[in-house]
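Novice: here are the coordinates; sequence isn't available:
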């Protein structure tokens, strides 16, 4: 039982106070897939140009990620983004966004993907997310991410898409924007009424809050000694969260989601987000092991239980 | 075994998106004392003018707070502060600060206070904090709060004062300012090297982090449905934290502080800070019971354990 991941695969240029890389593998679907791959088989749906390097495809394949849905556009160039982070790395400024082949991305799922039970939709146009959702047969748990651009300018389309989701992962500013409520608890209730019964509000270095039904669970952010590059941390959170649930077969057979599993999924999400920040781009995933992950999970427990 | 609390007793004018109160009981020592009084006997040291209302003294006395150290200056007026909060209540603008009798505050401890084992110093000039510390005989656990003004303009005096403290409670911006380190974990190590072996970094709605030795404990902030007035929340955190430790007799007899007790103290601090925000000024403490506190403590456990 695999997780289908849809979103951007890109090249990023990133500058943080710790250094600068002109071009490296990036994109939401890349980070989500790498993080999720530690927990469950992953099948990727994305588009790249013919400049996409064999070594980057090899890194994804080395984690067992199915690239059957990675479309290559001949003569096209891969999505490129570059940005620079503030001194405290809490803000970033986009320097360049070249959509390239991503501008015409119209995800089509290989036949071998369509019967999988788990679907995670990265931040792309809501209509495309809905189209992917419609191509899946018998999905048990589907959800994804969105952003202020879609919330503001594609609101009706987004609301229509959200109706078909079991969960939504967004940050606190997006939750407030989507709901029109400044109080997080009331914002969460509004968003849940739009469709996704499970809402995860990501709060960057401050952790995350999970809402389901009338209950919630709060996880503080892992305190890193050094943050080298926060790019992709939110996507790795999503990948760890959903990867864990898929790996455990949660909601399989139409059963109700166990709240205890959701709590653990939030912690695994936080763990994966924290590892992501320790090196530039996806570099941490070149050496990360499941043992490292379990070690940090235990550390989380030790730093939060009372 | 009582807790001696030193700091400001004031009148506040506060405007939040939920309403406006022109003049009500406030001041750091007021909030600290009220919060701590649920856990341990409190002895207050502060100064007021002869405009200090009998009903306000009566509220403090009703919580068993010893007012023997509350100096009244004939012909003087009580410290007055007023401010207005931003729409999301994460920022506030000071409209007026009349120090009045607080300008000449030179705390002298009644003889009956000097042999108490616990001391919590609110945010006043570091030299005055040091003077109070010097008046105590056989203190077992002493510490307090400070702010950017003292960190920037009275640095040497503050560093000298901190050497005599067991614990320091500050917010994250202050921890970064005091240490010169932007990373919170490294900032904490720097601050601990200045004297206070226990450091609590308050992060407002995002909770708090406790550092002691090489260990730390993270508590997320309680998610309130409605925040009416955040004034005093940080002081109530300090009062709950220190009140709990005093009530448990922690470090009595020179024993090492139990880390599990410190964790629980942080949660009680968070609980008291959260209650403070539910009504204007100190109003929540007119009706709050120890049962309410235990109920929220249990809720915290339920919302954070995994």
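Specialist: Now that the structure is in, tell me what you want to look at. Computed from a predicted structure; not experimentally measured.

Novice: Phi first, then psi, for residue A:257.
Specialist: phi -70, psi 130 (degrees, to the nearest 10).

Novice: residues in chain A within reach of chain B, list them.
Specialist: Residues of chain A lying close to chain B (CB under 8 Å from any CB of the partner chain) are A:87-88, A:182-186, A:203, A:206-207, A:209, A:216-221, A:223-227, A:260, A:263-264, A:266-267, A:301, A:303-306. Placement of C-beta: from N, CA and C, glycine included.

Novice: so how far is the helix ranked longest in chain A off the chain centroid?
Specialist: Counting by DSSP state H, the longest helix found in chain A is helix A:259-276. Counting by CA atoms, centre = their mean, to the nearest Å, helix A:259-276 is centred 12 Å from the centre of its parent chain.

Novice: hang on, the earlier thing: narrow the residues of chain A next to chain B to those in strands?
Specialist: A:209, A:216-219 (DSSP state E).

Novice: Now do the same contact list for residue A:192.
Specialist: A:199, A:211 (CB atoms under 8 Å, 6 or more residues apart in numbering or on different chains).

Novice: Checking it next. Helix, strand or coil?
Specialist: Under DSSP: H, G, I helix; E, B strand; the rest coil, residue A:192 falls in the helix class.

Novice: quick one: it and chain B, what's the gap?
Specialist: According to CB to the nearest CB, to the nearest Å, residue A:192 stands 14 Å off from chain B.

Novice: returning to what we had before: got a PyMOL select line for the buried ones in the residues of chain A next to chain B?
Specialist: This is the PyMOL syntax for the buried subset of the residues of chain A next to chain B, where burial follows 16 or more other CB atoms under 10 Å in any protein chain shown:
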select buried, chain A and resi 183+184+203+206+207+209+216+217+218+219+220+221+223+224+227+263+264+266+267+303+304+306
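
Novice: low pLDDT regions in the stretch 151-300 of chain A?
Specialist: Filtered on pLDDT under 70, the stretch 151-300 of chain A yields no residues whatsoever.

Novice: Among the ones in strands among the residues of chain A next to chain B, which one sits closest to chain B?
Specialist: residue A:218 (3.9 Å; CB to the nearest CB).

Novice: and the residue lying closest to that closest one once chain neighbours are set aside, what is it in contact with?
Specialist: Among residues not flanking residue A:218 along the chain, residue B:220 sits closest, at 3.9 Å (CB to CB, 6 or more residues apart in numbering or on different chains). By CB under 8 Å, 6+ apart, the contact set of residue B:220 is A:206-207, A:209, A:218-220, B:206-207, B:303-304.

Novice: same deal with residue A:82?
Specialist: Counted by CB under 8 Å, 6+ apart, residue A:82 has contacts A:12-14, A:94-96.

Novice: How about it: what's its closest non-neighbour residue?
Specialist: Nearest to residue A:82 is residue A:13, by CB to CB, 6+ apart, at 3.1 Å.

Novice: helix/strand/coil for the one you found?
Specialist: Per three-state DSSP, residue A:13 ends up strand.

Novice: Tally up the residues packed near it, please.
Specialist: Residue A:13: 17 surrounding residues under other CB atoms under 10 Å in any protein chain shown.

Novice: pretty sure it contacts residue A:95?
Specialist: Yes - at 7.2 Å, residue A:13 counts as touching residue A:95 under the criterion of CB atoms under 8 Å.

Novice: quick one: common contacting residues for the two?
Specialist: Taking CB under 8 Å, 6+ apart as the criterion, residue A:13 and residue A:95 both touch A:82-83.

Novice: how far does stretch A:31-46 stretch from start to finish?
Specialist: 12 Å (CA to CA, to the nearest Å).

Novice: and if you look at stretch A:211-222?
Specialist: 20 Å.

Novice: From the chain's centroid, how far away is it?
Specialist: 18 Å.

Novice: same deal with stretch A:48-67?
Specialist: Worked out by CA atoms, centre = their mean, stretch A:48-67 lies 18 Å from the chain centre.
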